[in-house]
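Visitor: Have a look; sequence and predicted model below, questions after that.
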Amino acid sequence: MDNRLNYIRLLESDSIYVIREVAAQFENPVLLFSGGKDSLVMLHIARKAFWPAKIPFTLLHIDTGHNFAETLQCRDKFVENTGIRLMVAYVQDTIKSGKAVEDIGYKASRDVLQKIMLMDTIEKFNIDAVVTGARREDENNQSKERFFSIRDEFGRWDPKNQRTELWNIFNGRIKPGEHFRVFPLSNWTEMDVWQYILQENLDMPSLYFSHDRDCFIRDGVIYAYSDFIKLKTGEKVQNLHVRFRTVGDMTNSKATLSKARNVKEIIDEV
Amino acid sequence: MLKNKTDDYINKELLHFVTVGSVDDGKSTLIGRLLYDSKSIVEDQLMAIWQASEKRGDTNVNLALLTDALGAEQEQGITIDVAYRYFTTQKRKFIISDTPGHIQYTRNMITGASTADIALILIDARKGVVEQTRRHSLIVSMLKIQHLVVCVNKMDLVDYREDIFELIRSNFNNYLSGLDFLNSIFIPICALNGDNVVNPSVKMPWYKGGSLINLLENISISRDENLTDGRFPVQYVLRSNDGFHDYLAYAGRVAGGVFKAGDKVMVLPSKQITKISSIDFYESNVEEAFPPMSVSMRFADDLEVNRGDMIVREDSIPEISKEFDVMLCWCNVKKLVPGAKYVLKHTTREVHCYIKDLLYIIDVNTRRKIEGIQEVGLNDIARVSIKTLQPLFFDKYKVNRATGSIILIDELTNETVGAGMII
């Protein structure tokens, strides 16, 4: 037998190692559900890491209220299949509490509110580690993140003073009020994620595949039209054949014109 | 067609390389060039660096801005922390750790190098080998990175002269001859213009070797996992009770050797002997578990096994001891002194320890040992004796990276202050 793991299995094994370290080193960790394929892959890997035992984390969803129905269905199915405890924190509650005022202009986005809500939840429930599906390839600042990345009591990242992270010996020690962000999928690329979804035959929200939908175009980007959207003059609703690249908050999920009906066809387009 | 695309993809070899060298040698520019020429950057990234370059007053697109993501990095024009980048060619998948050259950030360079297969070291053709070149090559050789690719950069600024390249090569080879590299390959390049990076340079016809990307695609990487000595550090205890029967297994990642169901094994530190009854991984049994597979094991006997214990093959037991020497890279401004106490992490095991003795520091320029030292400072490389409260089960770093490496943690600040390789 060839004692070698293929590339995808190597990444999977690394990610399982990281997730098990979280279970071993933290008292009150959560997995963050964002709705997207990355968080679904992370959840699947968490399930594998602890099988047949239950995933020893809570699943946390910071709900902006701007959901695609398909995304919530995926979440609920996972909860039902695994028996994982689900905690939903509603951004609407942050707005009601008066901690933040919602932006209601054309560019209204609940991104900032989502961050406030996450910090509130971390404080309220003494969460010491937040595990997310973020990938280094995806974003410039993320490319500088460690697997285990410490946050101070205000939730701030100090990229100029990160902990030395050697081999895969992770140091998850914290002082009261601090917490860690942990990124088990750090080294996965977009293509790796799709290849893994194909190999593992994972269910994805149908939004990722091409379908007809009412859309509008703003600054050259296609978005889904919904009740949460205010159109500017000149913008009009049009029915397009699209798939989504992200499926979290409806108001900022970008769509792309596509004919890809399944994972294999997406891989061809990526 | 489609199926083949997937097979091709997942069967690509993975090569993780780290770029090291002194500040200003052009590491970020080289990576920007690799990403750019291999068409691994998308249009909006390119737009963003166009704008950032203009803002800085650069005349051309500044490719270094691709990896220098932090605001302070772009302003100061230096890399502060490791950036990880990814690209794919027909043959291989690459992970790059782009590390800072400034001596102040050496610990970040070690972070990026500790998981790499090969190292790319850059030398500015005008300056030749400098102290930081030596320090970095010493560190990567200690980390047991076997291949060193030496890129003599900025050849455009020395009129692409062969004699300058050759002089640097012979100088640096003198230094490297005392280090533990399997091989070292020299390439003259100009990262800014792309000479010998992806395409061969027309300006240096005297250079007969291949381009850098050609080399990276073809260099043989022997995965250095140890397949002979069975080592399985217990990471997490899995328990499940579904009402019919209790499930109890020990989860972890194989750190050495090959394990099969039926194998006779020893549990450390208790030294109890048992048999593996099954190796499990998600709804199925695993026939053979080898590094770096994450699996879980069940045993024939009911034993007390905890995180931090180690399952080993009975016929190859590691060293079991409370005292050992390490080569230590010191990563903290607070100096290391004899008697200082730390938390030590080794595989999944955590113990308390103190520094029993400081033996010597290595002078990075001459590789000479400086003995009779009283303290070890930031970025020093030293041999020290450590004594632990509870025993460790370990191999020498050169035999097994996973079971031969330790980190030291300051209990007051929680910072990781040292990286140690057991000798």
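Guide: That came through fine.

Visitor: surely B:Trp330 meets B:Val376?
Guide: Yes. With contacts counted by Cβ atoms under 8 Å, B:Trp330 reaches B:Val376, the gap being 4.9 Å. C-beta: built from backbone N, CA, C; applies to glycine.

Visitor: Find the residues that touch each one of the two.
Guide: Counting by Cβ atoms under 8 Å, 6 or more residues apart in numbering or on different chains, the residues touching both B:Trp330 and B:Val376 are B:Leu336, B:Ala382.

Visitor: middle-most residue in chain B, spatially?
Guide: Nearest to the mean C-alpha position of chain B, counting by Cα atoms, centre = their mean, stands B:Ser114 at 2.1 Å.

Visitor: Contacts only, for that one.
Guide: By Cβ under 8 Å, 6+ apart, B:Ser114 lies in contact with A:Leu166, A:Trp167, B:Leu143, B:Ala419.

Visitor: Quickly run through the sheet partners of the helix or strand that contains the last one, with directions.
Guide: If you go by DSSP states H and E, B:Ala419 is part of strand B:416-422. Pairing partners of strand B:416-422, with direction, according to DSSP bridges: strand B:319-330 (antiparallel), strand B:405-409 (antiparallel).

Visitor: re earlier: can I get the contacts of B:Ser114 in CSV with distance to A:Ser210, pLDDT and secondary structure?
Guide: Output for those, formatted as CSV (distance: Cβ to Cβ, whole Å; pLDDT from 0 to 100; DSSP: H, G, I helix; E, B strand; the rest coil):
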residue, distance to A:Ser210, pLDDT, secondary structure
A:Leu166, 45, 92, strand
A:Trp167, 43, 93, coil
B:Leu143, 47, 92, coil
B:Ala419, 49, 95, strand
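
Visitor: quick check, nearest of those residues to B:Gly308?
Guide: Among the contacts of B:Ser114, A:Trp167 lies closest to B:Gly308 (Cβ to Cβ), at 16.5 Å.

Visitor: Give me the domain ranges for chain A.
Guide: What automatic domain parsing lists as the domains of chain A is A:7-193, A:204-269.

Visitor: Among the ones you listed, show me which one is buried the most.
Guide: A comparison of these by mean neighbour count, using mean count of other Cβ atoms under 10 Å in any protein chain shown, puts domain A:7-193 on top with a mean of 19.

Visitor: gap between the two ends of it?
Guide: In domain A:7-193, first residue to last residue: 12 Å (Cα to Cα, to the nearest Å).

Visitor: returning to that earlier point: which one of the domains of chain A lies closest to chain B?
Guide: Among the domains of chain A, domain A:7-193 comes nearest to chain B, with 3.7 Å by Cβ to the nearest Cβ.

Visitor: Quick check: B:Leu30 is in a helix.
Guide: Yes. Checked against DSSP: H, G, I helix; E, B strand; the rest coil, B:Leu30 lies within a helix.

Visitor: Show the contacting residues for it.
Guide: B:Leu30 neighbours (Cβ under 8 Å, 6+ apart): B:Thr19, B:Leu120, B:Leu122, B:Cys151, B:Asn153, B:Ile189, B:Ala191, B:Val197.

Visitor: Looks like the fourth one contacts B:Ile189 (just checking).
Guide: Yes. Using Cβ under 8 Å, B:Cys151 is in contact with B:Ile189, at 5.1 Å.

Visitor: report the angle between the axes of the helix or strand hosting B:Met266 and strand B:319-330?
Guide: Using DSSP H and E, B:Met266 sits within strand B:264-268. Relative orientation of strand B:264-268 versus strand B:319-330 (axes from the mean of the first three to the mean of the last three Cα atoms, to 10 degrees): 60 degrees.

Visitor: Output the contacting helices and strands for the helix or strand following strand B:264-268.
Guide: Downstream of strand B:264-268, the next assigned helix or strand under DSSP H and E is strand B:272-280. Other elements packing on strand B:272-280 under the criterion 3 or more Cβ pairs under 8 Å, 6 or more residues apart in numbering or on different chains; DSSP states H and E are strand B:259-260, strand B:264-268, strand B:294-299.

Visitor: Mind listing what's buried along strand B:272-280?
Guide: Counting neighbours by 16 or more other Cβ atoms under 10 Å in any protein chain shown, one finds that the buried residues in strand B:272-280 are B:Thr274, B:Ile276, B:Ile279, B:Asp280.

Visitor: can you put the domains of chain A in JSON lines and add distance to chain B?
Guide: Below are those laid out as JSON lines (distance: least, Cβ to the nearest Cβ, whole Å):
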{"stretch": "domain A:7-193", "distance to chain B": "4"}
{"stretch": "domain A:204-269", "distance to chain B": "5"}
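
Visitor: still on that earlier bit, only the buried residues of the strand holding B:Met266, if you could.
Guide: Going by neighbour count (16+ other Cβ under 10 Å), the buried part of strand B:264-268 is B:Val265, B:Met266, B:Val267, B:Leu268.

Visitor: I'd assumed B:Ala251 was in contact with B:Ser240.
Guide: No. Taking Cβ under 8 Å as the definition, B:Ser240 is not a contact partner of B:Ala251, at 11.8 Å.

Visitor: Of the two, which one has the most company?
Guide: B:Ala251 (26 against 14; other Cβ atoms under 10 Å in any protein chain shown).

Visitor: Surely that one is in a strand?
Guide: Yes. Counting by three-state DSSP, B:Ala251 falls inside a strand.

Visitor: what sits against it?
Guide: B:Ala251 makes contacts with A:Arg20, A:Ala49, A:Phe50, B:Val234, B:Gln235, B:Tyr236, B:Val237, B:Leu238, B:Ser294, B:Val295, B:Ser296, as judged by Cβ under 8 Å, 6+ apart.
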